[in-house]
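[1] Give me coordinates for this.
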Amino acid sequence: MVVIRLARAGTKKKPFYHLSVTDKRNPRDGRFIERVGYYNPIARGEAVRTWVNLERVDYWIGNGAKPSPKVRSLIAAARIDQSRVDEPVAAEEHDEQVATELTDSEETAADAAAEETQAEEAEAVSTEEEETAPEASSEGPADDGATESSSEEEEPESESDAEDSGEEEVAAEEAASQDEEEAVVEEADQDSSEEETEDTSDASTSVEDQESESDSTATDTVEEDKDEESKDKDAAK
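    From the prediction side, this is the model:
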């Protein structure tokens, strides 16, 4: 049978005891299986009076080992001391847990409030749009023109500058196209004037040719008449 009991050590009048796990048949200070603590009844000052490895004690008790009455009292005292040591740690952990829960709850509350304000703002905007829509429809096209002019006035300066530059480019392109058209028209006028001069010169040359031909024919007829008259005179003689 396995028991947990005290095994004496130290010197005369200075006892020191080990908590030994051993067979019941072994002598008190004889062989042991494991030492799971110690007990110093003459501890003074900062010296530790009792130390017990509660984890190993629970293990051996769970496997059927039986502690002696003195060892049982020492184990109970060690458990009380351990609980006192663990209480501040547990309290600190509890406080930290509570603080984290509070911060989480505050964050959730803030998020909920922000969502509510956003929803209210969205509702206000929608109601304003609904109120302004009938007024805009009743005012007619004149109001539409006014709104368009106002919206155009509210456009950024960058857009107006871009439009001005675009208009200047369009005007330059139009001017260039007009210059090209004028050049084409001038060339057409020059071609037509050259053709007219050529036609007039051709007509004048044709008239001169006709006149020279008529003059030559007239002289020929006169000469023929003269020849006939001379022949008639010769025949009369």
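[2] what about F16, neighbour count?
    The tally of other residues near F16 (other CB atoms under 10 Å) stands at 16. Every C-beta, even on glycine, is put in place using the N, C-alpha and C of the backbone.
[3] again, but for I4
    26.
[4] doesn't it fall inside a strand?
    Yes. I4: assigned to a strand according to DSSP: H, G, I helix; E, B strand; the rest coil.
[5] Least confident secondary structure element in the protein?
    Least confident helix or strand of the chain, by mean pLDDT, DSSP states H and E, is helix 141-153 with a mean of 51.
[6] check which helix or strand covers P15.
    Using DSSP states H and E, P15 sits in strand 14-23.
[7] which secondary structure elements does that strand contact?
    strand 2-11, strand 34-39, helix 54-62 (3 or more CB pairs under 8 Å, 6 or more residues apart in numbering; DSSP states H and E).
[8] Need the ones you listed in TSV (columns: distance to R25).
    Putting these into TSV (distance: least, CB to CB, whole Å) gives the following:
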stretch	distance to R25
strand 2-11	10
strand 34-39	17
helix 54-62	17
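[9] remind me which residues of this structure are low pLDDT?
    Where the chain drops to pLDDT under 70, the residues are 86-92, 94-95, 133-166, 191-218, 222, 237.
[10] rerun that using 50 as the cut-off
    141-143, 145-146 (pLDDT under 50).
[11] Would you map the helices across it?
    Listed in chain order, the helices of the chain (DSSP state H) span 54-62, 69-139, 141-153, 157-236.
[12] still on that earlier bit, out of the helices and strands packed on strand 14-23, which one sits most buried?
    Of the helices and strands packed on strand 14-23, the one with the most neighbours on average (mean count of other CB atoms under 10 Å) is strand 34-39, at a mean of 20.
[13] Helix 69-139 and that strand, what's the angle between them?
    90 degrees (axes from the mean of the first three to the mean of the last three CA atoms, to 10 degrees).
[14] Just the CA atoms of strand 34-39, as CSV, please.
    Output of strand 34-39 as CSV, limited to C-alpha atoms (Å, rounded to 0.1, in the frame of the first residue of the first chain):
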residue,chain,number,x,y,z
GLU,A,34,9.0,10.3,-4.6
ARG,A,35,9.3,13.4,-2.4
VAL,A,36,6.4,15.8,-3.0
GLY,A,37,7.3,18.6,-0.5
TYR,A,38,8.9,19.4,2.8
TYR,A,39,8.0,20.8,6.3
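[15] so what secondary structure elements neighbour it?
    With contacts taken as 3+ CB pairs under 8 Å, 6+ apart, strand 34-39 sits against strand 14-23, strand 50-52, helix 54-62, helix 69-139.
[16] quick one: that strand to strand 14-23, angle?
    Going by the same axes, to 10 degrees, strand 34-39 makes 150 degrees with strand 14-23.
[17] Tabulate the CA atom coordinates of the strand holding P15 in CSV.
    This file holds the C-alpha atoms of strand 14-23, laid out as CSV (Å, rounded to 0.1, in the frame of the first residue of the first chain):
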residue,chain,number,x,y,z
LYS,A,14,16.8,20.9,14.3
PRO,A,15,14.2,18.7,12.7
PHE,A,16,13.4,18.9,9.0
TYR,A,17,10.8,16.7,7.3
HIS,A,18,10.2,15.5,3.7
LEU,A,19,6.8,14.6,2.4
SER,A,20,7.6,11.2,1.0
VAL,A,21,5.6,8.9,-1.2
THR,A,22,6.6,5.4,-0.1
ASP,A,23,5.4,1.9,0.6
